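>>> Sequence plus the predicted model coming up.
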Amino acid sequence: MKNSGSAQPTSDSTFVTFARDEPKVFSKPQPPPWKILIVDDEEGIHDITRKVLEGASFDRREFRYFSAYSGKQAIQLCKDHPDIALILLDVVMETEYAGLDVVRFIREELQNTAVRIILYTGQPGIAPEQDLITNYDINDYKVKSMLTSQGLSTTVISAIRTYRDIQVIKDQRDTLQKTMEDAQIAQKARYQFLANIGHELRTPLNHIIGFSEILLDSPLTERQQNYIQYIRQAGDDLCAVLNNVLELSELTEGRLVLKESLFSLRTIVAGMMAFLGIQAQWKNLQTSYVIADDVPDMILGDSVLLKQVIANVVGNAIKYTQQGEIHLDVTLFQDHPSQLLFAVRDTGIGIRQDKHDDIFQAFALAEDAIHKEFSGVGLGLTISKQIIEKMNGEIWLESKPGEGSTFYFSMEYHAG
Ligand code: ADP
């Protein structure tokens, strides 16, 4: 066996020798040549162009020439070789404007905007240069008889350089696109994983919450009552996190749709504020709300999702406030009369300006997670933003560290 380097046992069988390989010739793979298409019905133009450019190269890549003698042939070659870098194109061939038809076909039908096209005409003045450059997507216009050899080489090289630069930008864009797609796939997998875990956790969690509720109704010492209360609260907190995780995976898969029905806004807001007020009381925080008189009561919308946004935003206001108060205002949005505006003001820790956008990204926390004083996973605002956007609204905030925050969110509504 010649080229395999196989082991050959010797008579002594403790040694092996190797068959000598044939000498191999290693050569560096050549980069592909730049493809140049010459389109002209005069044979002589093909010969002279190749002669002038003989031996020319750019960026250590040689030139490879293709010849077409009519517009029709040129179109076929462009279809077969989408990586042609440059076309030197005659205008008058089988028809008076055959070359211009080729330009139109390449740019409009093939959607190829990268290939450089130089009109290379023998009849100056048949179509005015200015008009051609303005009306057709060509890159240069040269009159054959006026072009010296030097001029032709310079024109060709600079056109190929531009083509190369376009390819570099295209490659970078493709890489970026691929990276973004990979990131989206990874993000989706992460949500899916969380959703699976979430479903697994739900049943035991419901047992914890349910049995602590039963225990709270039984005779207990004050101390025991407090402990169970903590267990119950921890269960509720975990449940809120789980709901957010599950909701987010629904949202990212585009499965969440608004379920609209007629509801009383005042009843929903009162119910939510009463529910959230209990958590606030445990921290000795005051809660209040005002719904402006001109806000209609019966609203057509998705009350479940609205409740979720209120729970997230007001819940955060309570979570990130140690003393003071939380106030909710509901008004008609002056900027968009068909929308309601909710403003949730707190006297909490506030958020640095440079975090105002980040906190709406999944898993983003305003504080450094390692030094975190408050528990949170960074999903509530991401979900709220997506829900609000589904309701054609916006969510934003005003906040300064140490001075509290006001979160605003708007939603489109139809009075019922
Ligand atoms: P979570 O509260 O679960 O961490 P969110 O998405 O609701 O997730 O909030 C993201 C981050 O924004 C929080 O971790 C917190 O750092 C910050 N944040 C949100 N609301 C407030 C608020 N009212 N006051 C101060 N910081 C807040």
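Looks like it arrived, so ask away.

>>> contacting residues around the residue nearest to Val103 when sequence neighbours are not counted?
Using CB to CB, 6 or more residues apart in numbering and skipping residues adjacent in sequence, the residue nearest Val103 is Tyr136, 5.0 Å away. Glycine gets a C-beta too; all of them are placed from N, C-alpha and C. By CB atoms under 8 Å, 6 or more residues apart in numbering, Tyr136 lies in contact with Leu100, Val103, Arg104.

>>> The second one looks like it's in a helix, true?
Right, the one you point to is Val103. Yes - assessed with DSSP: H, G, I helix; E, B strand; the rest coil, Val103 lies in a helix.

>>> Is any residue of the lengthiest helix in the chain near the ligand?
If you go by DSSP state H, the chain has its longest helix at helix 149-216. No - under the criterion of CB under 6 Å from any ligand atom, helix 149-216 makes no contact with the ligand; the nearest approach is 13.3 Å.

>>> quick one on the thing from earlier: would you mind putting the contacts of Tyr136 into JSON lines with distance to the ligand, neighbour count and pLDDT alongside?
Below are these laid out as JSON lines (distance: CB to the nearest ligand atom, whole Å; neighbours: other CB atoms under 10 Å; pLDDT from 0 to 100):
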{"residue": "Leu100", "distance to the ligand": "57", "neighbour count": "20", "pLDDT": "91"}
{"residue": "Val103", "distance to the ligand": "53", "neighbour count": "22", "pLDDT": "95"}
{"residue": "Arg104", "distance to the ligand": "52", "neighbour count": "13", "pLDDT": "94"}
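
>>> Distance to Asp90 added to these, as TSV?
Shown next, in TSV, are these (distance: CB to CB, whole Å):
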residue	distance to Asp90
Leu100	11
Val103	12
Arg104	15
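
>>> any chance you could map the strands in the stretch 1-150 of the chain?
7-9, 16-18, 34-39, 57-58, 61-68, 84-89, 116-121, 140-143 (DSSP state E, counting those that start in this stretch).

>>> so which of those comes closest to Glu250?
strand 84-89 (47.8 Å; CB to CB).

>>> least trustworthy helix or strand in this protein by mean pLDDT?
Lowest by mean pLDDT, DSSP states H and E among the helices and strands of the chain is strand 7-9, with a mean of 42.

>>> Count the residues that sit near Val92.
The local packing of Val92 (other CB atoms under 10 Å) involves 17 other residues.

>>> Surely it is in contact with Asp101?
No - Val92 is beyond contact range of Asp101, at 11.5 Å (criterion: CB atoms under 8 Å).

>>> Give me the phi and psi angles of Asn284.
phi 60, psi 40 (degrees, to the nearest 10).

>>> For it, the count of nearby residues, please.
For Asn284, using other CB under 10 Å, the count is 9.

>>> How about Lys259?
By other CB under 10 Å, neighbour count at Lys259 equals 10.

>>> which residues does it contact?
Contacts of Lys259 (CB under 8 Å, 6+ apart): Asp302, Val304.

>>> likewise Ser338?
Ser338 neighbours (CB under 8 Å, 6+ apart): Glu412, Tyr413.

>>> pLDDT value on it, please?
Per-residue pLDDT puts Ser338 at 88.

>>> Phi, psi for it please.
Dihedral angles (degrees, to the nearest 10) for Ser338: phi -90, psi 10.

>>> ok, back up a step: can you spell out which helices and strands pack onto the helix or strand following the longest helix of the chain?
Using DSSP states H and E, the helix or strand that directly follows helix 149-216 along the chain is helix 222-252. Here helix 222-252 touches helix 149-216, helix 303-319, helix 380-390, going by 3 or more CB pairs under 8 Å, 6 or more residues apart in numbering; DSSP states H and E.

>>> Report the angle between the first one and helix 222-252.
This means helix 149-216. 150 degrees (axes from the mean of the first three to the mean of the last three CA atoms, to 10 degrees).
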